[in-house]
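Colleague: need a structure here:
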Amino acid sequence: MHPIIETKRLFLREFNVNDAQNMLELNADPEVLQYTGDIPFSDIEEAKQFLKDYNDYQRNGFGRWTVIEKSSEAFIGWCGLKLNEEGFIDLGYRFFKQVWGSGFATEAAEACLKYGFDTLGISEIIGRTSAENIASCKVLEKIGMQYWKKDICNGIENARYYRISRNK
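Modeller: Residues are numbered from 1 along each chain as shown. Okay, here's the model as predicted:
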């Protein structure tokens, strides 16, 4: 494993095809996808194809990363940066329900912001979530992002947009 980012409890590394089963299971949970606008993978082959086709690392020099919990070496979700359809660098994350409330999303998201600003030289990063996703709103606020605007995001009518600048 070649971590891109390491925190006290986590390793973040590039996706690989061996993540397919975990990605399938993560996206199969309706509660995990509830506020995302995404649909589950139909089967393991679709998850593998998604991972094979994922080219953000080559195209942009960054992307979403697999999150591994150090002590158990378990895949617990993903977190990372993405050049979104609006031209913004977007912070996103998704974790298995059994680790919700553990602080992993905050720890990973904070590390991704630091990496984006300090290593990649990004000047502004945004985060987007449904207004109903209170836990995700709290994560974005906890890492220093400020509410920016309400808009539509991936079919979610009442998305809350947050942002943070490098000089904050």
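Colleague: Tell me which stretches of the chain form helices.
Modeller: 20-28, 30-33, 44-53, 56-60, 104-114, 134-142 (DSSP state H).
Colleague: Output those in JSON lines; the columns should cover distance to residue 87, mean pLDDT and mean neighbour count.
Modeller: From N, CA and C alone the C-beta is placed, and that goes for glycine too. Below are the helices of the chain laid out as JSON lines (distance: least, C-beta to C-beta, whole Å; pLDDT from 0 to 100; neighbours: other C-beta atoms under 10 Å):
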{"stretch": "helix 20-28", "distance to residue 87": "26", "mean pLDDT": "98", "mean neighbour count": "18"}
{"stretch": "helix 30-33", "distance to residue 87": "25", "mean pLDDT": "94", "mean neighbour count": "12"}
{"stretch": "helix 44-53", "distance to residue 87": "22", "mean pLDDT": "98", "mean neighbour count": "15"}
{"stretch": "helix 56-60", "distance to residue 87": "12", "mean pLDDT": "95", "mean neighbour count": "13"}
{"stretch": "helix 104-114", "distance to residue 87": "19", "mean pLDDT": "98", "mean neighbour count": "21"}
{"stretch": "helix 134-142", "distance to residue 87": "19", "mean pLDDT": "96", "mean neighbour count": "17"}
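Colleague: looking at those, which is closest to residue 167?
Modeller: helix 104-114 (12.7 Å; C-beta to C-beta).
Colleague: In this structure, where is pLDDT below threshold?
Modeller: Counting by pLDDT under 70, the chain shows low-confidence ranges at 1, 168.
Colleague: hang on, residue 38 packs against residue 154?
Modeller: Yes: with contact defined as C-beta atoms under 8 Å, residue 38 and residue 154 form a contacting pair (7.4 Å).
Colleague: Number of residues surrounding the nearest residue to residue 153 once chain neighbours are set aside?
Modeller: Spatial nearest neighbour of residue 153, excluding adjacent residues (C-beta to C-beta, 6 or more residues apart in numbering): residue 159 at 3.5 Å. Other residues near residue 159 number 19, with proximity taken as other C-beta atoms under 10 Å.
Colleague: And for residue 12?
Modeller: Neighbour tally, residue 12, other C-beta under 10 Å: 21.
Colleague: next one: the one 3 residues further on
Modeller: Other residues near residue 15 come to 20 when the count uses other C-beta under 10 Å.
Colleague: And residue 74, how far from residue 42?
Modeller: Taking C-beta to C-beta, to the nearest Å as the measure, residue 74 falls 25 Å from residue 42.
Colleague: More neighbours: these two, which one.
Modeller: Per other C-beta under 10 Å, whichever of residue 74 and residue 42 has more neighbours is residue 74, with 13 against 9.
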